[in-house]
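*Asks:* next come a sequence and a model predicted from it.
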Amino acid sequence: MSYIVNNRVFVNPGYEEEFEARFRARAGEIDRQPGFKAMRVLRPQGNQAPYVVETEWESQDAFRAWVGSDDFKRAHANPLPAEATAEGGGLEQFEVVEGTLARGKLG
């Protein structure tokens, strides 16, 4: 079973590159967290759609432990300026009920 957390972030025009660069610079740090399975930063392809930062965990407890960790505090210590993001979005949390993977494919 997996636990999925999506953070929807409306990034204002002109801040997209900085938003993406922050995740590229941190790539790999979350990987060491117990119970962490995957992270994806999804760039919107439609007008006024938010970025989606998706993380996958072994359990809700693993996600909550990361939120209480020093790594989480460091990751969120220097946020983008207030004008970089618009209102809306927020966290969505899901427990996976069923899923599938493509057969014979890597990645």
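*Replies:* That came through, no problem. Numbering: from 1, shown residues only.
*Asks:* contacts for stretch 51-67, please.
*Replies:* With contacts defined as CB atoms under 8 Å, 6 or more residues apart in numbering, stretch 51-67 is touched by 1-11, 19, 23, 30, 33-44, 72, 93, 95. The C-beta positions use only the backbone N, C-alpha and C, and glycine is treated the same way.
*Asks:* meant to ask about stretch 85-92
*Replies:* With contacts defined as CB under 8 Å, 6+ apart, stretch 85-92 is touched by Val5, Asn6, Asn7, Arg8, Val9, Phe10, Val11, Asn12, Tyr15, Pro50.
*Asks:* swap in 10 Å and give it another go.
*Replies:* Outside of stretch 85-92, the residues within contact range by CB atoms under 10 Å, 6 or more residues apart in numbering are 4-13, 15, 19, 48, 50-54, 79.
*Asks:* centroid-nearest residue for this structure?
*Replies:* When CA atoms, centre = their mean is applied to the chain, the residue found nearest the centroid is Val53 (2.8 Å).
*Asks:* please name the bridge partners of that residue.
*Replies:* Beta-bridge partners for Val53, by DSSP bridges, are Asn7, Val41.
*Asks:* so how far is Val41 from it?
*Replies:* Note on Val53: its distance to Val41, by CB to CB, to the nearest Å, is 5 Å.
*Asks:* go on, Gly89?
*Replies:* According to CB to CB, Gly89 and Val41 sit 14 Å apart.
*Asks:* need the overlap of contacts for these two.
*Replies:* Asn7, Val9, Tyr51, Val52, Val53.
*Asks:* which of these sits closest to Gly68?
*Replies:* Nearest to Gly68 among the shared contacts of Gly89 and Val41 is Asn7, at 16.7 Å by CB to CB.
*Asks:* neighbours of the closest one, how many?
*Replies:* Per other CB atoms under 10 Å, the neighbour tally for Asn7 reads 16.
*Asks:* who's in contact with it?
*Replies:* Residues near Asn7 by CB under 10 Å, 6+ apart: Val41, Pro50, Tyr51, Val52, Val53, Glu54, Thr55, Gly89, Gly90, Leu91, Glu92, Gln93.
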